[in-house]
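Peer 1: 3D, please:
(one chain, ligands or ions: 1)
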Amino acid sequence: MVEFKFKNGFLKVLVINFIACLSVYSQNNTTLVTINKTEDAPVISKHIYGHFAEHLGRCIYDGFFVGDTSKIANTNGVRNDIVEALKKLQIPNLRWPGGCFADTYHWKDGVGPLDQRPTIVNTWWGGVTEDNSFGTHDFLNMCELLETEPYLSGNVGSGTVQELADWVQYTNFGGKSPMSDLRKENGRKEPWKVKYWGIGNEAWGCGGNMTADYYANEYRKYATFISDWENTGRIVRIASGASSNDYNWTETLMKNIPINMLGGLALHHYSVIDWNKKGDAVSFTEEQYFKTMTEALKMEELVTQHAAIMDTYDPNKKVDLVVDEWGGWYEVEKGTNPGFLYQQNTMRDAVLAGATLNIFNNHADRVRMANLAQCVNVLQAVILTKEAKMILTPTYHIMEMYKVHQDAKLLPIAFESPLYTFNNESLPAISVSASKDNNGLVHVSMVNVDSKKENKIEIDLNELAVKNITAKVLTSKTLQDHNSFDNPTKIQPTNYKGFEVKKGKLTVTIPPFSIVMIEGK
Ligand code: AHR
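Peer 2: Just a heads-up that it's a prediction; the model follows:
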């Protein structure tokens, strides 16, 4: 749990999940760090670094999927350059087909001969015609190419229990059954064995406008029929979770769903300034930056509070908190379809991503999965495409820098951060998380949220238990800087020399709105 308290002009951030932990405090404008070697710290699940691909705008069609007759190099219609870039990130899981789209999606429309697949209207996203040419086989085979775990979102809003149970049988059953026979007829002999299943999406909104009580019952029914009694298939059933601070939703679900039926409970939180005036993705003011970061850093309070409620009903922390939609959301790029949610991605998004991932890492005892929204060409994308061109966004580079935390052991932290103040309002300026991997490499990711002032962090090398330090930084001249199709490598991580080692202490300077990753051996 993390508590924020104002004291002597500093925001005190106490991480008290663990009795002895890495503590950070401020002195002479330097935030001091001490690390305690604790044995019972959790492992940071690699699934925190998950992604999300919805049938929305140009995420699937004209994003991932260009079709096998395209001039763009592809494998069964999926762009090779995207596959290569995502494999470099070691993406651990990919959520599909929505989002809101999931509760309108009937999976049987997307299997079998192409010319027999019905066309539907994508009512949530631009009212465009969906020809179902990208379906279950395409997605699950694409996950194999990406070497990632699929996370399928089931249709509860407009589907049936039978339909979802059939989907599970179609994808997962190896023996003889109506659905496995159909799968084989459609060209796939072996089941894919999909582990992660979402039972609806945003059931409180686009997933059916249900009350928490009503949804809890629906969940129990669906969860019953998509596995056997003992859940021998080890399916992880994930309940549609709260929107931001709807704690009642979490409480009601935790109270009413037996723990053994619940693998994960979702949470959605977007960093939006104002839903009616979201602001431009690139031409934003410092005030707008400050507001975005205020919303992003709220994630700390959200995961703390939702986890505390979960602890009441599940003290042994069996149920995962799954933040399966998070990220920045701005006005769509001018001239693009408003229903397609295409936006550019700047250093603001890099800071947002770095700070959010630090929060997830520090709550690894309960947050065991998360999905950035969304992967390609939608919202806070890691990849943007334009015909044959592709760019990697600043957020991509954060995911690449942070992949070292995947499945590494958390080094828990507590710290007192200096403030980033704007218009008499303040935020913690520094965000940190640390881990040690199986090879004994220690990584500390540091974000300076402050848009103007550099900040320094000091760490005791004995406590880090390392001798040699290297570092990388993601930084740029202005917060609005971004990669474009004309200048695709303007922002990329570089080796960093802005640190010094003296008398057993490591001092790192973090430039304004920058992210530094330290590696210690
Ligand atoms: O990510 C875009 C949309 O945001 C998703 O479809 C929905 O779940 C959320 O409201």
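Peer 1: which parts of the protein are helices?
Peer 2: 80-89, 136-146, 161-172, 178-185, 212-225, 247-256, 286-313, 347-362, 394-402, 461-464 (DSSP state H).
Peer 1: flag every residue of the stretch 351-500 of the chain that's near the ligand.
Peer 2: Contact residues, the stretch 351-500 of the chain versus the ligand (C-beta under 6 Å from any ligand atom): 373-374, 379. Glycine gets a C-beta too; all of them are placed from N, C-alpha and C.
Peer 1: over to the chain?
Peer 2: 54, 98-100, 201-202, 325, 373-374, 379.
Peer 1: which one of the helices of the chain is the most hemmed in?
Peer 2: Of all the helices of the chain, helix 347-362 carries the top mean neighbour count, a mean of 28, counting by mean count of other C-beta atoms under 10 Å.
Peer 1: any idea of the mean pLDDT for stretch 132-140?
Peer 2: Averaging pLDDT along stretch 132-140 yields 98.
Peer 1: just stretch 233-244 next, same as before
Peer 2: Here stretch 233-244 scores 96 as its mean pLDDT.
Peer 1: in the stretch 151-300 of the chain, which residue sits nearest the ligand?
Peer 2: Here the residue of the stretch 151-300 of the chain nearest the ligand is residue 202; by C-beta to the nearest ligand atom that distance is 4.7 Å.
Peer 1: swap in the chain?
Peer 2: With C-beta to the nearest ligand atom as the measure, residue 99 is the residue of the chain nearest to the ligand, at 2.7 Å.
Peer 1: how many neighbours does that residue have?
Peer 2: 30 (other C-beta atoms under 10 Å).
Peer 1: my guess is it meets residue 57, correct?
Peer 2: No. The pair residue 99 / residue 57 is not scored as a contact, 11.0 Å apart, by C-beta atoms under 8 Å.
Peer 1: what ranges of the chain fall below the confidence cut-off?
Peer 2: Applying pLDDT under 70 to the chain flags the ranges 1-28.
Peer 1: and with 80 instead?
Peer 2: Under the criterion pLDDT under 80, the flagged ranges of the chain are 1-29, 33-34, 36-39, 414-415.
Peer 1: right, and the residue of the stretch 151-300 of the chain closest to the ligand touches residue 100 too?
Peer 2: Yes. In terms of C-beta under 8 Å, residue 202 counts as a neighbour of residue 100; the distance is 6.7 Å.
Peer 1: contacts only, for the residue nearest to residue 238 when sequence neighbours are not counted.
Peer 2: Of all residues not flanking residue 238 in the chain, residue 264 sits nearest, at 3.8 Å (C-beta to C-beta, 6 or more residues apart in numbering). If you count contacts by C-beta atoms under 8 Å, 6 or more residues apart in numbering, residue 264 has them with 196, 236-239, 319-322, 368-369.
Peer 1: show me what residue 264 bridges to in the sheet.
Peer 2: residue 238, residue 320 (DSSP bridges).
Peer 1: before we move on, the earlier item: rebuild the helices of the chain as TSV, extending it with distance to residue 509.
Peer 2: Below are those laid out as TSV (distance: least, C-beta to C-beta, whole Å):
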stretch	distance to residue 509
helix 80-89	27
helix 136-146	37
helix 161-172	50
helix 178-185	56
helix 212-225	47
helix 247-256	39
helix 286-313	20
helix 347-362	16
helix 394-402	17
helix 461-464	17
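Peer 1: can you redo the contacts of residue 264 as CSV with distance to residue 69 and neighbour count?
Peer 2: Putting the contacts of residue 264 into CSV (distance: C-beta to C-beta, whole Å; neighbours: other C-beta atoms under 10 Å) gives the following:
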residue, distance to residue 69, neighbour count
196, 32, 24
236, 37, 21
237, 38, 21
238, 36, 29
239, 41, 29
319, 45, 23
320, 41, 22
321, 43, 25
322, 37, 28
368, 41, 24
369, 36, 27
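Peer 1: just those residues now: which is nearest residue 407?
Peer 2: Checking those against residue 407 by C-beta to C-beta gives residue 368 as the nearest, at 11.2 Å.
Peer 1: tell me the contacts of that closest one?
Peer 2: Neighbours of residue 368 in contact, by C-beta under 8 Å, 6+ apart: 45, 47-48, 264, 320-322.
Peer 1: quick check: the farthest pair among these?
Peer 2: For the contacts of residue 368, and using C-beta to C-beta, no pair is farther apart than 48 and 264, which are 12.3 Å apart.
Peer 1: what sits in contact with each of those two?
Peer 2: Common neighbours of residue 48 and residue 264 (C-beta under 8 Å, 6+ apart) are 368-369.
Peer 1: how near is the closest residue to residue 68 other than its chain neighbours to residue 325?
Peer 2: Among residues not flanking residue 68 along the chain, residue 77 sits closest, at 4.5 Å (C-beta to C-beta, 6+ apart). Computed as C-beta to C-beta, to the nearest Å, the residue 77 to residue 325 distance reads 26 Å.
Peer 1: the more surrounded of the two?
Peer 2: residue 325 (25 against 19).
Peer 1: what's the neighbour count on residue 430?
Peer 2: By the measure other C-beta under 10 Å, the count of residues near residue 430 is 26.
Peer 1: quick one, what contacts it?
Peer 2: 24, 31, 415, 417-418, 446-449, 455, 457, 510.
Peer 1: farthest pair within those?
Peer 2: 24 and 449 (14.8 Å).
Peer 1: the more surrounded of the two?
Peer 2: More crowded of residue 24 and residue 449, by other C-beta under 10 Å: residue 449, with 27 against 23.
Peer 1: the more buried one touches residue 511, doesn't it?
Peer 2: No. Using C-beta under 8 Å, residue 449 makes no contact with residue 511, being 11.8 Å away.
Peer 1: what's the burial count for residue 229?
Peer 2: 6.
Peer 1: against residue 257, how distant is it?
Peer 2: To residue 257, residue 229 is 16 Å away according to C-beta to C-beta.
Peer 1: now residue 358. Nearest residue, chain neighbours left out?
Peer 2: Nearest in space to residue 358, with sequence neighbours left out and distances taken as C-beta to C-beta, 6+ apart, is residue 433 at 4.0 Å.
Peer 1: who touches residue 490 in this structure?
Peer 2: Here residue 490 is in contact with 476, 481-484 (C-beta under 8 Å, 6+ apart).
Peer 1: need the buried ones from these selected in PyMOL.
Peer 2: Buried subset of those, written as a PyMOL selection, criterion 16 or more other C-beta atoms under 10 Å:
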select buried, resi 476+481+482+483
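Peer 1: please enumerate the strands of the stretch 351-500 of the chain.
Peer 2: Taking DSSP state E, counting those that start in this stretch, the strands of the stretch 351-500 of the chain run over residues 367-372, 383-386, 389-392, 409-411, 413-417, 419-422, 425-428, 430-436, 442-448, 455-460, 469-474, 494-495, 499-502.
Peer 1: with distance to residue 330 added, can I get the ones you listed in TSV?
Peer 2: Shown next, in TSV, are those (distance: least, C-beta to C-beta, whole Å):
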stretch	distance to residue 330
strand 367-372	15
strand 383-386	14
strand 389-392	17
strand 409-411	32
strand 413-417	26
strand 419-422	19
strand 425-428	19
strand 430-436	21
strand 442-448	20
strand 455-460	26
strand 469-474	20
strand 494-495	27
strand 499-502	33
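Peer 1: between the ones you listed, which one is nearest to residue 297?
Peer 2: Using C-beta to C-beta, these put strand 425-428 closest to residue 297, at 5.8 Å.
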